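[1] Predicted coordinates and the sequence they were generated for:
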Amino acid sequence: MSNNVLRRLYPKGNYFMQGDEAIAYGAIFAGCRFYAGYPITPASEIAETMSRELPKVGGYYIQMEDEIGSIAAIIGASWTGLKTMTATSGPGFSLMMENIGYAIMTETPAVIVDVQRSGPSTGQATKGAQGDFFQARWGTHGDHPAIALSPSSVEECFWITIDAFNLSERFRMPVMVLADGIVGHMREQIRIPDPDEVSIIERKLPTNMEETKYPFGRELVPPMPIFGKGYFTHVTGSTHKETGMRDVFTPSVHDRLVRRIHEKVREHEKDIVKWEEKFTDDAEILVISWGISAKPSLGAVLRARKEGIKAGFFRVITIHPFPGKRINELGKDVKAIVVPEMNLGQLILEVQRFTNDDVKLIGVNKIGGVPITSDEVYRAISGVMS
Amino acid sequence: MKKYRMLKYLREEVLPTTMCPGCGGGTVLNVFANAIDELGIDPRNLVMVSGIGCAAWIPSPYFKSDTLHTTHGRPVAFATGIKIGLPDKYVVVISGDGDLAGIGGNHLIHAARRNIDITVILVNNFIYGMTGGQVAPTTPFGAKTTTTPYGNVEHPLDISETIAKAGASYVARWTTAHPFALLKAIKKAMVKKGFALVEVISQCPVQYGRRNELRTATEMLKWFLKVSVPLKKAAKMSLEELEGRITIGEFVDVDRPEFVEELNRLIEKGE
Ligand SMILES: Cc1ncc(C[n+]2csc(CCOP(=O)(O)OP(=O)(O)O)c2C)c(N)n1
Ligand code: SF4
């Protein structure tokens, strides 16, 4: 039924829309039927689109009293079997951190979108930035894995949101989408596909009572005994045994649980990690960027190539887990790496971790809410050559 | 030994409970189990949610139902998502006053305003029990706690009155010294369509009583009986006369449109 409804409501074809809207439609195509959020620029259009569209597809929209309530509500709803999402920007993302940890520890699928804006604090509330690179990785407390993806275009906002849902359901964990104010508010043409073109991953549910007994172990990703089926499942953010029962005293119980949660990502890193590369075969200078800043970066690389400079382009799509291995390989053959991003140097720290000392690292860093231009990136590239 | 009649509602493997001897949490557990028994509620139709604190351990992990033990202060927000996903189930939050009305006060007020069909049993022991007896938003003026060694200089929050004003469909307050009235109130709250709060004034002899000349559970229960005043009687009393008293009874019992039903109406319209 659902695909027919989608086909009727959102006929395939080309549309002109904002990144925020594309995230909302991506979520709906991915099967999201519950959205809870709290307004914040530049993410509010996601909530507005969801409030309008969700009831049409049998879904629920709720505006909660704050971001803490929003993420709590989507985790609760996820345990009833719904695919759920919330969207926010920096300050709200900070408020959500405790419960992002809760979702990790309770192995709850949910998608959290952060349309980054300029900070710290309220900073430039209406301006885009890329300052939450590490907040997505290390924002919550304790040892934990993280999956975060970052789109560069409106079209990609749609597809990356679908990827985020699929990863979240597959690994039973929260997955973050790190967009930014520019991609969120930018308008571009996007192609809405036929729903049959979209591959969807559903979470593994128990098929019999026996499988409900160990919802937190025995397998790397155990089946999730959702609520309301008579399974009597106990879910807690405290350290728990495979059965779900709390045990905060036995070191091996904590060790087993937290290591397995890490393993879910580590073991499948190869399938999760995504990047895009162009002209890297013979590159002498590599431009590595992410999110919106990758657009002017590619522009600059194309221009450099025209001018005879052997520049290569690398765009990080999954910022966590990080495509460090590939960057390490590419880094062996280049003289310099240019890293453009709208912050004072975050991605560049990860790049540094994976490159040898003899490679020159040059950040192109711009803050203040104005996007990086391809001229600025080009100047950095040509500066290395001269 | 005779088996406890309500054992069928509990997860036997995790008993005995971690509650201190004499804790009012035991009464709440017992009364709640009796309430679902008398209502004939199948525990498969029950989802229990709690936050962090001693009171939060009453449902979790002891009740044999789906149980979600959440972060401190947030159980009502988690329960909101659960109720929307499972509108036909009984969604019940049992947690402490610090959890629900301190750190979680905003969620409580807004759930009442929305009138979402959740039952909240708020166990008010006037204190942060689990963290060692610090002052709470409910600690009486002048009372001694580990962080008010010279007596509390703040005024306590009247939770039931606040939530009744916020728009709940049902609000009642009783103490653990009134178990039968409490049972009746919980039963009413469970079947009420809309947001229902039952505030239970409960003894914590260990963290509260000990520091306020009420060393045993018995002394605390006697004190509850001495200071509680039925709402009707309280209406005729002056503010000075009510100082240090606990008003008990039903604060509100009304019918208003319920939130999840309204949400589902939107879907029907959409389709
Ligand atoms: C965000 C956060 N802050 C503080 C704590 C520490 N903490 C645990 S229980 C608790 C107080 C619980 O008090 P109350 O809800 O009144 O329950 P009681 O233990 O008295 O039954 C606090 C502050 C926490 N777990 N999380
Ligand atoms: S500390 Fe107080 S509230 Fe906590 S279990 Fe002991 S008596 Fe009960």
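    Yep, that arrived. Numbering: from 1, shown residues only, chains lettered A, B, ... in the order given. Ligands and ions are numbered 1, 2, ... in the order given.
[2] quick one: contacts for the closest residue to residue B:133 other than its chain neighbours?
    Among residues not flanking residue B:133 along the chain, residue B:207 sits closest, at 3.3 Å (CB to CB, 6 or more residues apart in numbering or on different chains). In short, each C-beta sits where N, CA and C put it, glycine included. Neighbour list for residue B:207: B:125, B:127-129, B:132-133, B:145-146 [criterion: CB atoms under 8 Å, 6 or more residues apart in numbering or on different chains].
[3] Could you do residue A:84 as well?
    Taking CB under 8 Å, 6+ apart as the contact definition, residue A:84 lies against A:32-36, A:74-75, A:77-78, A:109-111, B:81.
[4] Is it correct that it falls within a helix?
    No. Under DSSP: H, G, I helix; E, B strand; the rest coil, residue A:84 sits outside any helix and is assigned strand.
[5] Over to residue B:243: give its phi and psi.
    Note on residue B:243: its backbone torsions stand at phi -50, psi 120 [degrees, to the nearest 10].
[6] Number of residues surrounding it?
    A count of neighbours around residue B:243, defined by other CB atoms under 10 Å in any protein chain shown, yields 10.
[7] Could you check how far it is from residue A:326?
    Distance from residue B:243 to residue A:326, counting by CB to CB, to the nearest Å: 71 Å.
[8] for residue B:97, same thing?
    Taking CB to CB as the measure, residue B:97 falls 54 Å from residue A:326.
[9] Also residue A:337?
    The gap separating residue A:337 from residue A:326 is 13 Å, by CB to CB.
[10] OK, contacts around residue 166?
    In the absence of a named chain, chain A is used. Counted by CB under 8 Å, 6+ apart, residue A:166 has contacts A:30, A:199-201.
[11] ah, no, chain B please
    Residue B:166 touches B:108-110, B:112-113, counting by CB under 8 Å, 6+ apart.
[12] who wins for neighbours among these?
    residue B:108 (29 neighbours).
[13] Just say helix, strand or coil for that one.
    Assignment for residue B:108 (three-state DSSP): helix.
[14] confidence score at it?
    pLDDT, residue B:108: 98.
[15] So residue A:369: helix, strand or coil?
    Going by three-state DSSP: residue A:369 is coil.
[16] Next, give phi and psi for the residue nearest to it when sequence neighbours are not counted.
    In space, and not counting its chain neighbours, residue A:369 is closest to residue A:127: 2.6 Å by CB to CB, 6+ apart. Dihedral pair for residue A:127: phi -110, psi 150, per degrees, to the nearest 10.
[17] Next one: residue A:127 relative to residue A:180, how far apart?
    10 Å.
[18] again, but for residue B:176
    According to CB to CB, residue B:176 and residue A:180 sit 53 Å apart.
[19] Ok, residue B:79 next?
    Residue B:79 sits 33 Å away from residue A:180, taking CB to CB as the criterion.
[20] Compare these two (neighbour count), which wins?
    A side-by-side neighbour count of residue B:79 and residue A:180, using other CB under 10 Å, places residue A:180 first with 31 against 28.
[21] Next one: residue A:384, what pLDDT does it get?
    Listed pLDDT for residue A:384 reads 89.
[22] Stretch B:79-88 close to chain A?
    Yes. Stretch B:79-88 reaches chain A (CB under 8 Å from any CB of the partner chain) through B:79-82, B:84-86.
[23] Dump the contacts of residue B:166 to CSV, plus distance to residue A:275.
    Formatted as CSV, these follow (distance: CB to CB, whole Å):
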residue, distance to residue A:275
B:108, 46
B:109, 46
B:110, 42
B:112, 49
B:113, 47
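[24] ok, which of those also contact chain A?
    Restricting the contacts of residue B:166 to those near chain A - CB under 8 Å from any CB - leaves B:109-110.
[25] Now flag whichever of the contacts of residue B:166 is closest to residue A:120.
    Ranked by distance to residue A:120 (CB to CB), the contacts of residue B:166 are led by residue B:110 at 28.3 Å.
[26] ok, now which ones touch the residue lying closest to the closest one once chain neighbours are set aside?
    Ranked by CB to CB, 6+ apart and with sequence neighbours excluded, the top spatial neighbour of residue B:110 is residue A:65, at 4.2 Å. Each residue near residue A:65 by CB under 8 Å, 6+ apart is listed here: A:38, B:77, B:106-107, B:109-110.
[27] ok, and the closest non-adjacent residue to residue A:35?
    residue A:50 (4.2 Å).
[28] And the strands in chain B, which stretches?
    Under the criterion DSSP state E, chain B contains strands at B:46-50, B:66-69, B:90-96, B:119-124, B:127-128, B:134-135, B:170-175, B:196-201, B:228-230, B:246-253.
[29] now the last one and strand B:196-201, what's the angle there?
    Our comparison of strand B:246-253 with strand B:196-201, counting by axes from the mean of the first three to the mean of the last three CA atoms, to 10 degrees, yields an angle of 180 degrees.
[30] And the contacts of strand B:246-253?
    Looking at what lies outside strand B:246-253 - CB under 8 Å, 6+ apart - the contacts are B:160-161, B:163-164, B:168-175, B:178, B:181, B:185, B:188, B:192, B:201, B:224, B:227-232, B:234.
[31] What of the first one?
    Under the criterion CB under 8 Å, 6+ apart, residues A:76, A:227-228, B:36, B:56-60, B:63, B:65-70, B:75-76, B:78-79, B:82, B:86, B:89-95, B:99 lie in contact with strand B:46-50.
[32] Then the fifth one?
    The contact list for strand B:127-128 (CB under 8 Å, 6+ apart) reads B:53, B:96, B:98, B:102, B:133-136, B:138-139, B:145, B:204, B:207-208.
[33] would you list the residues you listed in TSV and tack on pLDDT and distance to residue A:240?
    Below are the contacts of strand B:127-128 laid out as TSV (pLDDT from 0 to 100; distance: CB to CB, whole Å):
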residue	pLDDT	distance to residue A:240
B:53	98	18
B:96	98	21
B:98	98	23
B:102	98	26
B:133	97	27
B:134	98	27
B:135	98	31
B:136	98	28
B:138	98	30
B:139	97	32
B:145	97	31
B:204	98	26
B:207	96	26
B:208	96	30
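[34] Can you sort out which of the residues you listed also neighbour ligand 2?
    B:204, B:207 (CB under 6 Å from any ligand atom).
[35] Following the strand or helix carrying residue A:28 in sequence, what is the next regular element?
    Using DSSP states H and E, residue A:28 maps to helix A:19-30. Sequence-wise, the next helix or strand beyond helix A:19-30 is strand A:32-37, with elements assigned using DSSP H and E.
[36] Next, the angle from that next one to helix A:19-30.
    Strand A:32-37 and helix A:19-30 are oriented at 140 degrees to each other (the same axes, to 10 degrees).
[37] Partner strands of strand A:32-37, with direction?
    strand A:60-63 (parallel), strand A:83-88 (parallel) (DSSP bridges).
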